[in-house]
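S.K.: Need the 3D shape of this:
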Amino acid sequence: MKFHIIIEANNSHLKIAELARLAESYGMAGVWASNMHDSRDPFINFVEAARTTDTIKLGPVAVSPYELHPLKMANALLTLNEISGGRAQIGVGAGDGGTSTAMGIKAERRVTAARECTEIIEQAATGEPVTYKGSMYNVMYYHSSWVTQPSPDVFVCAGGPQMIKSSAKYAQGIFVGDHLPHHVARINETIKSEQLSIGRDATDFRLLNFWAWHVKEDQEAARAEARIWLAMRATPWPQFYHQDILPKEDMQVVYDNIMDINQAFYKRDPNITSVSKDILDRLVDQCSATSAIKDIGHEIDRIKKFEAAGLTDIALRLYDKPEDSIKLIGEQVMPAFSDSANKSAV
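M.R.: Presented below is the predicted three-dimensional model:
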């Protein structure tokens, strides 16, 4: 199991570099920053980290071809890759979330958009001339002759079944979000089936899962932070294939009060009075890490279940006091896994 962290997109370049150096000191595999429509630029913001680290991978997730043409996405990624000495990574997403919504752009033909974007980036990374004629995106007269570094890691951010089936056939890896171990097991079986159907040798294929990390000194503090951020999870939104986390009647209460859950995020208020605290606590316990530090073994056991289900990498989204979380993960979680898997030269 390889460990990554996902940090707040609005950290300064100096803060990101500081956190990246700390994560690297524990042998973590990668640092990601969420690509938000109103945050600092996720490529430029990694430059200082790229300059002051040696082994850890760095990059944004998820970047959509609806907001940035694949040609320009390739340029930004390959520039970061050059500065970092071949350690750039990216999660390509084709959803209609924050950025495309803020730009008034409707995401259409998502499966095709993600595939063509990924293909263009990977061709650009070779340093050879590129002419690409897709059904959505075209590239002409492109030659990144300045490219000398190994190709960056390019993952497809997939949630729905069609995106997972499609990207299993061409992507280096798939980045899913907020999935429980039994969800990961189902996804892994789908990936294997699709790859078998085309005879793909996917020995090095990687499957990552975004997982919210709220572990605190006491469980109530952990759950309170998780409730604030619940609207950002896929869990309370019925279109995201997570309906089996709680009993059907409890999930319906969550769905019926989604706007209150959303408001809790904008107000940074953990008190969502329209949904019982019992339901909320059981929900956040299931869909994120909400243990007290003294019960960290529960989270280690769950990550081992992820690994057994086929997850190769876990990306832990950090919130308040990220330095404390990095130290906790590095000192108490990672040692429970194979030393060889946690070396950051990946």
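
S.K.: Please, which helix or strand holds the nearest residue to A336 once chain neighbours are set aside?
M.R.: Distance criterion C-beta to C-beta, 6 or more residues apart in numbering; nearest residue to A336, sequence neighbours excluded, is I300 at 4.8 Å. C-beta here means a position set from N, CA and C on the backbone, and glycine is covered the same way. Counting by DSSP states H and E, the element that carries I300 is helix 296-308.

S.K.: Please compute how far that helix lies from its chain's middle.
M.R.: Relative to the mean C-alpha coordinate of its chain, helix 296-308 is positioned 18 Å out (C-alpha atoms, centre = their mean, to the nearest Å).

S.K.: what's in contact with it?
M.R.: Contacts made with helix 296-308 from outside it, assessed by C-beta atoms under 8 Å, 6 or more residues apart in numbering, are listed as 1, 181, 184, 209, 211, 215, 289, 291, 314, 328, 332-333, 336-337.

S.K.: switch the cut-off to 6 Å
M.R.: Helix 296-308 has contacts (C-beta atoms under 6 Å, 6 or more residues apart in numbering) with M1, P181, V184, A289, S291, Q332, V333, A336.

S.K.: between those, which is nearest K106?
M.R.: V184 (30.0 Å; C-beta to C-beta).

S.K.: mind checking how far the closest one is from L196?
M.R.: If you measure V184 against L196 using C-beta to C-beta, to the nearest Å, the figure is 18 Å.

S.K.: The two: which has the busier surroundings?
M.R.: The neighbour count for V184 versus L196, taken as other C-beta atoms under 10 Å, is higher for V184 (21 against 11).

S.K.: angle of whichever strand or helix holds the more buried one against helix 296-308?
M.R.: Using DSSP H and E, V184 maps to helix 181-197. Here helix 181-197 runs at 20 degrees with respect to helix 296-308, directions being taken by axes from the mean of the first three to the mean of the last three C-alpha atoms, to 10 degrees.

S.K.: Okay, now stretch 210-227: how far is its last residue from its first?
M.R.: When the termini of stretch 210-227 are compared using C-alpha to C-alpha, to the nearest Å, they are 17 Å apart.

S.K.: which residues are in contact with that stretch?
M.R.: Identification of contacts with stretch 210-227 by C-beta under 6 Å, 6+ apart yields 177, 270, 280-281, 284, 288-293, 314-319, 325.

S.K.: which parts of that stretch are buried?
M.R.: Buried residues in stretch 210-227, counted by 16 or more other C-beta atoms under 10 Å: 210-216, 219, 221-227.

S.K.: Just the ones of those residues in helices?
M.R.: When DSSP state H is applied, the buried residues of stretch 210-227 are split such that Q219, A221, A222, R223, A224, E225, A226, R227 fall in helices.

S.K.: Can you name the two of those residues that sit furthest apart?
M.R.: Of all pairs drawn from these, the one with the largest separation by C-beta to C-beta is Q219 and R227; the distance is 12.3 Å.
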